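A.B. asks: my questions are about this predicted structure, shown below with the sequence.
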Amino acid sequence: MRIALASDHAGFDYKERIKLFLIESGHHVHDFGTNSDVSVDYPVYIRPAAEAVAAGECDRGIVLGGSGNGEAIVANRVPGVRCALCWNVETAKLGREHNNANVISIGQRMIDFEEAIAIVQTWLETPFAGGRHLRRIRQIDRHHASHPADSNGHESPLPHRTDLIDQASYICDSCREEFSFPVDISDGADQQVLEKCPICCHENTIQVSLDNSGRLTIRGDQHING
Ligand SMILES: O=P(O)(O)OC[C@H]1O[C@@H](O)[C@H](O)[C@@H]1O
């Protein structure tokens, strides 16, 4: 993966150590600074990293500071970024499963380095669960689509992610009733989502594939829905 990294002085040490870990794990790191522990202002470094993720120049981003709070706030002001503030493995896991977090924020003064690495590893490995969580993310992005101007009154040059949402239908593996669910095609051509049946509440494991002509194929454990 292409990973954007950025910190201020308070996150510099972990940024450098996480960078080594990522490179050793085979990732491509784009380091947006800072380059020392001399006091700086975090928006200067965090915003360009978040923008690189939103623009698709990097697949994911990791931002670090003292608490991680200011860094998460800056990243989340960039449309298309979903930054989760993580302080343990569980928040990293849920940040992926529920929020499809493409950026995480870590507070170097809050947790030890072993925990920080465990967070990064979990966040890299955990897939998005989709289903009801996708519906909620869609609602966040809808808000951006209807509020396209930034705080300076400039329109966002980024595409609205609502353009990338499609609807699919599925016959529940348990009660055989058909229901529909949203698919975010920007999440990749092959996705696995967990979708709870609105009739019987059975949790269906659904494979979603998108071919080159834009056709969605929906497969379950037991059948192909087409
Ligand atoms: O070192 P100082 O400037 O006190 O604090 C910087 C940190 O304070 C928080 O807003 C941010 O997390 C930032 O990293």
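C.D. replies: Done, it's in.

A.B. asks: for the ligand, what's its nearest residue on this protein.
C.D. replies: Scanning the chain for proximity to the ligand using C-beta to the nearest ligand atom identifies Gly65 as nearest, at 2.7 Å. Heads up, the C-betas are built off the backbone N, CA and C, glycines and all.

A.B. asks: what's around that residue, how many residues?
C.D. replies: The criterion is other C-beta atoms under 10 Å. On that basis, Gly65 has 28 neighbouring residues.

A.B. asks: same check on Gly61?
C.D. replies: In terms of burial, Gly61 registers 28 neighbours under the definition other C-beta under 10 Å.

A.B. asks: confirm that it sits in a strand.
C.D. replies: Yes: secondary structure assignment places Gly61 in a strand (DSSP: H, G, I helix; E, B strand; the rest coil).

A.B. asks: OK, contacts around Ala10?
C.D. replies: Taking C-beta atoms under 8 Å, 6 or more residues apart in numbering as the definition of contact, the neighbours of Ala10 are Asp37, Tyr42, Leu64, Gly65, Gly66, Gln108, Arg109.

A.B. asks: three-state assignment of it?
C.D. replies: Reduced to three states by three-state DSSP, Ala10 is helix.

A.B. asks: okay, Gly188: pLDDT?
C.D. replies: Turning to Gly188, the model gives it a pLDDT of 71.

A.B. asks: just to revisit the earlier point, for the residue of the chain closest to the ligand, list each beta-bridge partner.
C.D. replies: Beta-bridge pairing of Gly65, defined through DSSP bridges, involves Gly107.

A.B. asks: could you number the chain from 472 rather than 1 from now on?
C.D. replies: Sure, I'll start counting at 472 from here, so that last one is Gly536.

A.B. asks: quick check, pLDDT for it.
C.D. replies: The per-residue pLDDT reported for Gly536 equals 98.

A.B. asks: so it sits against Leu556, correct?
C.D. replies: No: between Gly536 and Leu556 there is no contact, the gap being 10.2 Å when judged by C-beta atoms under 8 Å.

A.B. asks: would you map out the domains in the chain?
C.D. replies: Domain ranges of the chain: 473-612, 638-691, per the TED database.

A.B. asks: would you mind finding the most buried of these?
C.D. replies: Highest mean neighbour count of the domains of the chain: domain 473-612, a mean of 19 (counted as mean count of other C-beta atoms under 10 Å).

A.B. asks: so where's the protein uncertain?
C.D. replies: 613-636, 657, 683-685, 693-697 (pLDDT under 70).

A.B. asks: give me every residue in it lying close to the ligand.
C.D. replies: For the chain, the contact set with the ligand under C-beta under 6 Å from any ligand atom comprises Asp479, Ala481, Ser510, Tyr513, Gly536, Gly537, Ser538, Gly539, Asn540, Gly541, Glu542.

A.B. asks: let's see that with 5 Å instead.
C.D. replies: Those residues of the chain that sit near the ligand, judged by C-beta under 5 Å from any ligand atom, are Asp479, Ala481, Gly536, Gly537, Ser538, Gly541.
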